[in-house]
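Asks: Requesting a structural model of the entry that follows:
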Amino acid sequence: MLGQAPNPALMVFVTAALAARFGGFSDETSGTLEDIGHGALIVWGLDELLRGATPLRRVLGVLVLAWQVAGLVS
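Replies: Numbers count the residues shown, from 1 in each chain. Below is the predicted model:
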């Protein structure tokens, strides 16, 4: 297989990020959409860490998860 459809968590992240950036919403709504996107990336990172098909995907999941958690802490 040459490609694979993105999983739902990545689709939620992309949709939320695009809506927050280009949707013309208020600052509060855009902030909420960004939070939804960050949550989706955390879910994606956990999913890849636990169920990633290859070691590369598991490592990528760990990196994205660490990046998102570091963003929450700071």
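
Asks: For L56, which residues are in contact?
Replies: Under the criterion of C-beta atoms under 8 Å, 6 or more residues apart in numbering, L56 has no contact partners. For glycine as for every other residue, the C-beta is placed from the backbone atoms N, C-alpha and C.

Asks: State the helix or strand in which it lies.
Replies: For L56, the enclosing helix or strand under DSSP states H and E is helix 55-73.

Asks: Counting neighbours, which bits of that helix end up buried?
Replies: When burial is assessed from 16 or more other C-beta atoms under 10 Å, helix 55-73 yields the following buried residues: 60-61, 64-65, 68.

Asks: residues in contact with stretch 13-22?
Replies: Counting by C-beta under 8 Å, 6+ apart, stretch 13-22 makes contact with 6, 25, 30-31, 33-34, 36-37, 40-41, 44, all of which sit outside it.

Asks: export that stretch as CSV, just CAs?
Replies: Once non-C-alpha atoms are left out, stretch 13-22 reads as follows in CSV (Å, rounded to 0.1, in the frame of the first residue of the first chain):
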residue,chain,number,x,y,z
PHE,A,13,-6.8,18.3,14.4
VAL,A,14,-6.6,19.6,10.8
THR,A,15,-10.3,20.6,10.8
ALA,A,16,-10.0,22.5,14.1
ALA,A,17,-6.7,24.2,13.1
LEU,A,18,-8.1,25.4,9.7
ALA,A,19,-11.3,26.6,11.3
ALA,A,20,-9.4,28.5,14.0
ARG,A,21,-7.1,30.1,11.5
PHE,A,22,-9.5,30.9,8.6
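
Asks: For V12, which non-adjacent residue is spatially closest?
Replies: For V12, the nearest residue in space outside its immediate sequence neighbours is A40; the separation is 4.0 Å by C-beta to C-beta, 6 or more residues apart in numbering.

Asks: Quick one: list the elements packing against the helix or strand harbouring that neighbour.
Replies: Following DSSP H and E, one finds A40 within helix 27-51. Packing contacts for helix 27-51, counted by 3 or more C-beta pairs under 8 Å, 6 or more residues apart in numbering; DSSP states H and E, involve helix 8-22, helix 55-73.
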